[in-house]
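Engineer: Please find the sequence and the predicted model below.
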Amino acid sequence: MNIREIEYITIPVSNLEVSLRFYHEVFDLRIVDLPNGDKGADLRKQFLDFHIEDKVEHPTSFGLIAHDSMKDIKAHLINYFVDIVSEPTEKTEVRRNVNSITILDPDKNRIEVNEFR
């Protein structure tokens, strides 16, 4: 088996409209209808699949890659009043250097926004 990409990540959400607005406005992602009937956010090759739950008891965690500077990313997040869990941190991951900031969405799903260099 030769797997090289992720097709989708399921994100548990308790309020679909709030989550759609968050992911569209904060990350400028296009909202789409998925074949399974859920709403999703288009990441070009992958999708975020928003799955409605009465109460999100097990938030998920995932990383996104941004093509902006960390200075601009942080300023943007502050402008949208996004919960910042950890300030920008420089580190080395598998094969590259990364500057990352960790935030929470409205359901406390943990998102690491990365600027690779």
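Structural biologist: In hand now; what should we look at?
Engineer: Would you tell me which strand is longest in this structure?
Structural biologist: For the chain, the longest strand by residue count, based on DSSP state E, is strand 83-93.
Engineer: Please, where are all the helices along this structure?
Structural biologist: For the chain, the helices defined by DSSP state H occupy 16-27, 70-79.
Engineer: out of these, which comes closest to residue 96?
Structural biologist: Closest of the helices of the chain to residue 96 is helix 70-79, at 14.6 Å (criterion: Cβ to Cβ). From N, CA and C alone the C-beta is placed, and that goes for glycine too.
Engineer: For the residue nearest to residue 33 when sequence neighbours are not counted, list the residues it contacts.
Structural biologist: Take residue 33 and drop its neighbours on the chain: the residue closest to it by Cβ to Cβ, 6 or more residues apart in numbering is residue 39, 6.5 Å away. Neighbour list for residue 39: 16, 20, 31-33, 50 [criterion: Cβ atoms under 8 Å, 6 or more residues apart in numbering].
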